[in-house]
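Asker: here you go, sequence then predicted model.
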Amino acid sequence: VQINQIFLYFEFLKSPKYCYPTYLPNTDENNLVIHLFSFIHVTMNVFLEDPEFTDTILKAEHAIDSGVLPERISQGSSGSYFVKDPKGKIIGVFKPKSEEPYGHLNPKWTKYFHKICCPCCFGRGCLVPNQGYLSEAGAYVVDEKLGLGVVPKTKVVWLVSETFNYSAIDRAKSKGKKYALEKVPSVGKKFHRIGLPPKVGSFQLFVDCYKEADYWLRKFEADPLPENVRKQLQSQFERLVVLDYITRNTDRGNDNWLVRYEKQNDGSKNSSKETEWTTGKESLIKIAAIDNGLAFPFKHPDEWRAYPFHWAWLPQAKVPFSEETRELILPRISDMNFVQDLCEDLYELFKTDKGFDKATFENQMSVMRGQILNLTQALKDGKSPLQLVQMPRVIVERSQSGSQGRIVHLNNSFTQTVNCRKPFFSSW
Ligand SMILES: Nc1ncnc2c1ncn2[C@@H]1O[C@H](COP(=O)(O)OP(=O)(O)O)[C@@H](O)[C@H]1O
Ligand SMILES: [Mg+2]
């Protein structure tokens, strides 16, 4: 068979990297070529710098191909899915862009109508609508860059599954494609997932053995932790604070962070083993900051309905930041080049969205730089997380003059604006 005799019809999706055959006439040549091509797995989820993650997504795709489909998480406000490996084990949480609260295919209809009829009352006016998946992945960028280690790995991927919410039109189109493929013997089945268009969204690795923070915090209140574990929790907590403060997360209730704690056995029998275990480097208690989709606002929240950091009410927030956190964070965030680098990494991520707007992105970075400036000062001054969230809000803009507040020129290219106006309700 000569390749130029074969006609393959490809439909190109949003990215030219992803394509799939939509129609193939049923001829012997085509069948042979399809047989040869069937060894090639077409995917756009390739992360050259992270083969392990690439492999995880490949597993998810294979699972979907073999009928182990993602399952909607019922409690969420938008379309979030547990994604499984071919054996049915949950390996990730996928949140498609199109099923976010502002997405056009959000499965929660009451919210959808609420949005149509009364958009001003819906959602958060300080956030870029329908970019929650970027916020999820952006939080991981911040986490990784600062070495916090609290956000489970999160990246932008493309997935397709019959269990996702699709429009009637997409489903009808897919039927047509399936029909065309079924005409080609033995291949239609292999490609059964390709009828529907893939969805872009955030994919976060699933973390095992964690429970919602609320559950553990109550337990620890009744049954206080041993001192070494309490210290570890405090250190993890401070990392969560750093993440949330820098990204200005507007949705950190105590249900949106998880804690894993393996309680030590009481009793003297294994006490020697225990001591070894507890004094070892490995952490007995770990925090996972999940659900980071409502962060990176383009202005500080200033509505009557402010968005508090719920952790600010915890007793842990009254303790000044530890030396450990200071040593980890301060050298990085007090370096302008580091901050610029972070902004550039986020730019590379955010610019991939089809609704990307440079000016809005600059505003998001101005808020983030302001948060970083406050955090730097708080760490230098030995403040606590509670004192941090009470600091006046700052934005640090690139090269333009601010409109209100005290203006200080940091250097030629940045302008700092301190907003002393207190929000109606406390902003934390
Ligand atoms: N990475 C994860 N690892 C383990 N469990 C998770 C993870 N992400 C979410 N979950 C579980 O799924 C629930 C809903 O996820 P969440 O990210 O909060 O979605 P939503 O945006 O719908 O609130 C969480 O309360 C948690 O129990
Ligand atoms: Mg949640």
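Answerer: Looks like it came in fine. Ligands and ions are numbered 1, 2, ... in the order given.

Asker: get me the contact residues on this protein for ligand 2.
Answerer: By Cβ under 5 Å from the ion, the residues of the chain that approach ligand 2 are Asn256, Asp291. Just so you know, the C-beta spots here come from the backbone N, C-alpha and C atoms, and that holds for glycine as well.

Asker: how does the chain divide into domains?
Answerer: 1-43, 47-205 (automatic domain parsing).

Asker: mean pLDDT for the ones you listed: which is lowest?
Answerer: Of all those, mean pLDDT reaches its minimum on domain 1-43 (a mean of 50).

Asker: who's in contact with whichever residue of the stretch 301-428 of the chain sits closest to ligand 1?
Answerer: Evaluated by Cβ to the nearest ligand atom, the stretch 301-428 of the chain has His310 as its residue closest to ligand 1, separated by 13.6 Å. His310 sits next to Arg252, Gly253, Asn254 when contact means Cβ atoms under 8 Å, 6 or more residues apart in numbering.

Asker: so what pLDDT did it get?
Answerer: 93.

Asker: and the closest residue in space to it that isn't next to it in sequence, how far from Glu99?
Answerer: The shortest distance from His310 to any non-neighbouring residue, by Cβ to Cβ, 6 or more residues apart in numbering, is to Gly253 (5.0 Å). For Gly253, the distance to Glu99 equals 21 Å [Cβ to Cβ, to the nearest Å].

Asker: neighbour count for these two, which is higher?
Answerer: Each of Gly253 and Glu99 has its neighbours counted (other Cβ atoms under 10 Å); Glu99 has more, 26 against 14.

Asker: what about the closest residue in space to that one that isn't next to it in sequence, distance to Trp158?
Answerer: Leaving out its chain neighbours, the residue that sits closest to Glu99 by Cβ to Cβ, 6+ apart is Gly79, at 2.8 Å. From Gly79 across to Trp158, the span is 15 Å (Cβ to Cβ).

Asker: the more surrounded of these two?
Answerer: Between Gly79 and Trp158, counted using other Cβ under 10 Å, the more crowded position is Gly79 (25 against 21).

Asker: all strands in the stretch 51-200 of the chain, in order from the N-terminus.
Answerer: Using DSSP state E, counting those that start in this stretch, the strands of the stretch 51-200 of the chain run over residues 71-72, 81-84, 90-96, 154-159, 199-205.

Asker: and the second one, what other elements does it pack with?
Answerer: Under the contact criterion of 3 or more Cβ pairs under 8 Å, 6 or more residues apart in numbering; DSSP states H and E, strand 81-84 touches helix 51-65, strand 71-72, strand 90-96.

Asker: Asp170 is nearest to which of the ones you listed?
Answerer: Among the helices and strands packed on strand 81-84, the nearest to Asp170 by Cβ to Cβ is strand 90-96 (12.5 Å).

Asker: buried ones in that closest one?
Answerer: Ile91, Gly92, Val93, Phe94, Lys95, Pro96 (16 or more other Cβ atoms under 10 Å).

Asker: columns distance to Arg260 on top of the strands of the stretch 51-200 of the chain, output as a markdown table?
Answerer: Listed next are the strands of the stretch 51-200 of the chain as a markdown table, based on distance: least, Cβ to Cβ, whole Å:
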| stretch | distance to Arg260 |
| --- | --- |
| strand 71-72 | 22 |
| strand 81-84 | 18 |
| strand 90-96 | 15 |
| strand 154-159 | 18 |
| strand 199-205 | 14 |
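
Asker: mind listing what the residue nearest to Ala60 when sequence neighbours are not counted touches?
Answerer: The shortest distance from Ala60 to any non-neighbouring residue, by Cβ to Cβ, 6+ apart, is to Val83 (4.8 Å). Counting by Cβ under 8 Å, 6+ apart, Val83 makes contact with Ala60, Ala63, Pro70, Ile90, Ile91, Gly92, Val93, Phe94, Leu159, Phe203, Phe206.
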